[in-house]
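Student: model this:
(chains A, B, C and D)
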Protein chains: 2
Amino acid sequence: MAVVKVTMAQVAREAGVSLSLVSLAFRDAYGVSEKTKEHILATAKRMNYQPNTVAARLARKADDTLGVFLLDLRNEVFVDMFDGMRASATEAGRELVLSVGSTGGELDRGALDSLIRARVDVAVAAGLLLPDEVLAKYRGRLRLVSVARVVPGFDSVDCDNRLGAALATQHLLDLGHRRILHLANRPSDGYLERRIGFEQTVRAAGLTPWVIDVDYSRDAAAAAIGPILDSALDSAQRPTAVLAHNDQMALGVLDALHERGLRAPHDLSVAGYDNTTLSRTPGIALTTVDLHAVDLGRQAAELAIWRSANPDEPVVVKTSTPTLVVRGSTGPPAD
Amino acid sequence: MAVVKVTMAQVAREAGVSLSLVSLAFRDAYGVSEKTKEHILATAKRMNYQPNTVAARLARKADDTLGVFLLDLRNEVFVDMFDGMRASATEAGRELVLSVGSTGGELDRGALDSLIRARVDVAVAAGLLLPDEVLAKYRGRLRLVSVARVVPGFDSVDCDNRLGAALATQHLLDLGHRRILHLANRPSDGYLERRIGFEQTVRAAGLTPWVIDVDYSRDAAAAAIGPILDSALDSAQRPTAVLAHNDQMALGVLDALHERGLRAPHDLSVAGYDNTTLSRTPGIALTTVDLHAVDLGRQAAELAIWRSANPDEPVVVKTSTPTLVVRGSTGPPAD
DNA sequence: GTGAAAGCGCTAACAT
DNA sequence: ATGTTAGCGCTTTCAC
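Tutor: Residues are numbered from 1 along each chain as shown, chains lettered A, B, ... in the order given. Prediction:
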């Protein structure tokens, strides 16, 4: 299990050229004759040489590495975003350093610090949970592009969540629902838009919004909706439809229904948010809002790359438009 | 968006001490008086200093960084493994460098090379697809701990897939099934055990194994099973049960059933493999085999850490035991 | 307990 | 086109 580490200097010696030539040959290759370049690359290959990116990143003054923070790999929407980021990073020939939030605890805090320690040029962050004022402390220390959340003072690529929630809510209203419950995430900076979109739309229909805050998780959503389904209240007071903050939480609602022998949309219409592959699964068929996560990821990485070349331009906020995807989990109310 | 980079030298100057003291203070702290240590840490904090891990890794002779390769973030089993890896890496205070396979193309090839370039001490790899002989070329260049696949010449943490497949198959046999189809992955080094476990168990019951090779994906599985469901053959020749290579592919089978207005287990019993959270979803409720992915990840990272301290010990192969999880997607045959 | 100095393996001027 | 040399920001002897 001994490991041999080949250095550039060894390749240079073996090839009978100077260090810098090898360095050049492995990069732009301008100013290196085609012949020596081939010779160098050939010897390098024969020696199984792989350039040391750690040393390269240290030596390179302006670092061109992109950092990525993802809140949670279990929520596929972040994986979608990552795919998009990687696509544009690859096209631009940028390295990517991944940092994943650990569930619970100081999630993003540690992850952002680790990106600073890794001295990434720009960090693309999806699922930042820290309040605006805490993030503000990162200004001047880390260039940040926030995905799917607007953070004052930083670049961001957002999707109009207010609109998305409005679309889903209107869909439920159009189906005839009047008692619609919104399972919202706990109020926090940058993540209030879905709630607002819901409330505005419900009010516009002359109804009073009904919102419950729930922790961001499938199980928490199931636990929250359970008592409501069980309540001995006059059924006229129970919701006929639920809009969940995201697909994961919508899944929790389905879990709770299933435990009670109920099902969507017959006993309750259920709508989610994110359009993860979960939602297209038969037996789930979740009506949901597509925020085009892959595309958001692409754009965020592109913005990050642009930013590293334009450090002095003012903050950029891009916003895209979500789409409603109607599937089988929503339908007219039973009564 | 200008970013200020604080260096250790600046902290040293500001604190009025030498570089080495700052370096020491940030690590073991042996040989630094409690007083100066506190003073240094305080100034560092005031200056928002974060140690540069890139420089640190270059300077440190023996690198203690763990590399991680994951084939695919969309398969939750890899995320489970990652959770386990991170848990033990964190406990041991090791840095983690993540490399994710891109779907399609030279998946692991590039990812492994990138871990070599990052000069990780040991790489923990989940979902290696390269044939044994290609991986053999990495000997002497990269220390590898393979998860859920045995690779000759390298350390590995495996789960007895032959047994797992046998458990699932026996379960189907016990239910009374006689025409069981195994949707296997394409034969490749290290991933034949499930197939073998299936075949052995079916033969032991005096039956002839029925196996179809399918690409590793939900859609491919759906496409493969579709024609079989549609076949105008005498129903006596259609399968009454399917064992899929993993949960993703089992989901593809459910997709195909659903498209045709059929359902499990009534029209076809379906069993998967991996016990991802997908499988516990109501409306899916997949019978599956739990290979305890989080635990595999933990053990793999622990083995990797042990290996970096014991480079000369012989290759280690650990094997754990999977568990059958029976849910609603399997039942007695209809006829 | 503390400081000085020599690298780690590259990149990027700057020479030639 | 090619070679020389000075760092990049740390860690790590080795003196004091």
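
Student: and the one residue in the stretch 51-200 of chain A that gets nearest to DNA strand D, what pLDDT?
Tutor: Here the residue of the stretch 51-200 of chain A nearest DNA strand D is A:Ala59; by Cβ to the nearest atom of the strand that distance is 3.5 Å. Where you see a C-beta, it was placed from the backbone N, CA and C, and this is true even at glycine. With respect to pLDDT, A:Ala59 scores 95.

Student: likewise A:Pro152?
Tutor: The predicted structure lists A:Pro152 with a pLDDT of 97.

Student: hmm, it is touching A:Arg139, no?
Tutor: No: in this structure A:Pro152 lies outside contact range of A:Arg139 using Cβ atoms under 8 Å: 9.9 Å.

Student: pLDDT averaged over stretch A:295-304 - what is it?
Tutor: 98.

Student: check whether that stretch contacts chain B.
Tutor: No: judged by Cβ under 8 Å from any Cβ of the partner chain, stretch A:295-304 stays clear of chain B, getting no closer than 11.1 Å.

Student: quickly check: stretch A:43-60 near chain B or not.
Tutor: Yes: for stretch A:43-60, a contact with chain B is found by Cβ under 8 Å from any Cβ, at A:48, A:50-55, A:57-58.

Student: where's A:Ala166, which helix or strand?
Tutor: If you go by DSSP states H and E, A:Ala166 is part of helix A:161-175.

Student: packing partners for that helix?
Tutor: strand A:180-185, helix A:193-204, strand A:241-244, strand A:269-271, strand A:288-290, strand A:323-325 (3 or more Cβ pairs under 8 Å, 6 or more residues apart in numbering or on different chains; DSSP states H and E).

Student: including mean neighbour count and mean pLDDT, could the ones you listed go into a markdown table?
Tutor: Listed next are the helices and strands packed on helix A:161-175 as a markdown table, based on neighbours: other Cβ atoms under 10 Å in any protein chain shown; pLDDT from 0 to 100:
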| stretch | mean neighbour count | mean pLDDT |
| --- | --- | --- |
| strand A:180-185 | 24 | 97 |
| helix A:193-204 | 20 | 98 |
| strand A:241-244 | 32 | 98 |
| strand A:269-271 | 30 | 98 |
| strand A:288-290 | 26 | 98 |
| strand A:323-325 | 17 | 98 |
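
Student: redo those as a markdown table? Include distance to DNA strand C.
Tutor: Shown next, in a markdown table, are the helices and strands packed on helix A:161-175 (distance: least, Cβ to the nearest atom of the strand, whole Å):
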| stretch | distance to DNA strand C |
| --- | --- |
| strand A:180-185 | 43 |
| helix A:193-204 | 41 |
| strand A:241-244 | 48 |
| strand A:269-271 | 51 |
| strand A:288-290 | 41 |
| strand A:323-325 | 43 |
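
Student: buried sites along stretch A:30-47?
Tutor: Of the residues in stretch A:30-47, A:32, A:36-37, A:39-41, A:43-44 count as buried by neighbour count, 16 or more other Cβ atoms under 10 Å in any protein chain shown.

Student: who's in contact with that stretch?
Tutor: Contacts with stretch A:30-47, where a contact means Cβ atoms under 8 Å, 6 or more residues apart in numbering or on different chains, come from A:6, A:10-11, A:14-15, A:17, A:21-22, A:24-26, A:29.
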